[in-house]
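**Student:** Model the structure of this input:
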Amino acid sequence: MIIRLTKQDLHEANLLAQDTVFLLEKLGVSPRLENKKQSRVNANKLGFMAEFAVCRLFDTEPPRLNIATDGGLDLWLDDVAVDVKFTKTGKLIFDSQAKFKAQVAILATTTDQHDCMKLLGWIGKTEFLELCETHDFGYGERLVMEASELRPPEQLWRKVKERKFK
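**Tutor:** The predicted model follows:
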């Protein structure tokens with residue numbers, strides 16, 4: 001499912017990304033970045049764009065700046081905690097079981113259009129932990145699942161709306 005972001009969404013994603021990196025640098029924390037082909041600001045911007053895309057689909061509160069941590073939860077769909085992940089590889093990746101703190105993960109990626117994100121799918125925590133595989137990308141083992149194994153975003157939208165209006 002492709003979601004077009006507003007100009008305001010793009011602007012806010014850029015500001016959130018810059019603010020996040022700025023604060024980390026001022027605190028003396030080296031931002032984690034395993035991908036040397038992009039800046040940490042750009043990596044964060046893509047993550048925030050993914051979160052804005054999910055917000056557009058589910059008509060929920062937009063992401064905001066968290067100083068210390070987000071606690072592993074990016075958004076709330078009513079009372080369902082969500083971790084939005086961005087990928088360029090087509091894989092949903094978590095560092096460990098303990099890092100999957102939300103009830104649901106939603107995976108997103110870019111499209112050919114600068115203002116659009118593609119929501120690849122979603123999965124619940126329990127199902128992910130049962131089905132994921134381990135893989136070492138060169139910086140330690142991670143828990144991984146292919147986007148093709150995820151459930152369609154429309155299915156989660158329907159579940160959330162049915163739950164809300166029952």
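**Student:** Go through the chain and flag its longest strand.
**Tutor:** Determined from DSSP state E, the single longest strand within the chain is strand 116-124.
**Student:** Relative to the whole chain's centre, how far out is it?
**Tutor:** Offset of strand 116-124 from its chain centre (C-alpha atoms, centre = their mean, to the nearest Å): 9 Å.
**Student:** now swap in stretch 104-122 and tell me
**Tutor:** On C-alpha atoms, centre = their mean, the centre of stretch 104-122 falls 9 Å from the chain's centre.
**Student:** ok, and for that stretch, which residues are buried?
**Tutor:** Across stretch 104-122, burial judged by 16 or more other C-beta atoms under 10 Å covers 104, 105, 106, 107, 108, 109, 117, 118, 119, 120, 121, 122. No exception for glycine: its C-beta is placed from N, CA and C like everyone else's.
**Student:** Please apply the same query to stretch 54-64.
**Tutor:** 54, 55, 56, 57, 58, 60, 62, 63.
**Student:** The residues you listed in strands, which ones?
**Tutor:** Going by DSSP E, the strands hold none of these.
**Student:** and which of these is nearest residue 100?
**Tutor:** When those are ranked by distance to residue 100 (C-beta to C-beta), residue 54 comes first, at 16.6 Å.
**Student:** what does the model give that closest one for pLDDT?
**Tutor:** We have a pLDDT of 97 for residue 54.
**Student:** Assign a three-state SS to residue 37, would you?
**Tutor:** Look at residue 37: counting by DSSP: H, G, I helix; E, B strand; the rest coil, its state is coil.
**Student:** Compute the distance between residue 119 and residue 85, please.
**Tutor:** 11 Å (C-beta to C-beta, to the nearest Å).
**Student:** Next, show the common contact partners of these two.
**Tutor:** 106, 107, 108 (C-beta atoms under 8 Å, 6 or more residues apart in numbering).
**Student:** Can you read off the backbone torsions of the closest residue to the last one other than its chain neighbours?
**Tutor:** So that's residue 108. For residue 108, ignoring the flanking residues on the chain, the nearest one in space by C-beta to C-beta, 6 or more residues apart in numbering is residue 50 at 3.7 Å. Here is the backbone geometry of residue 50 (degrees, to the nearest 10): phi -60, psi -40.
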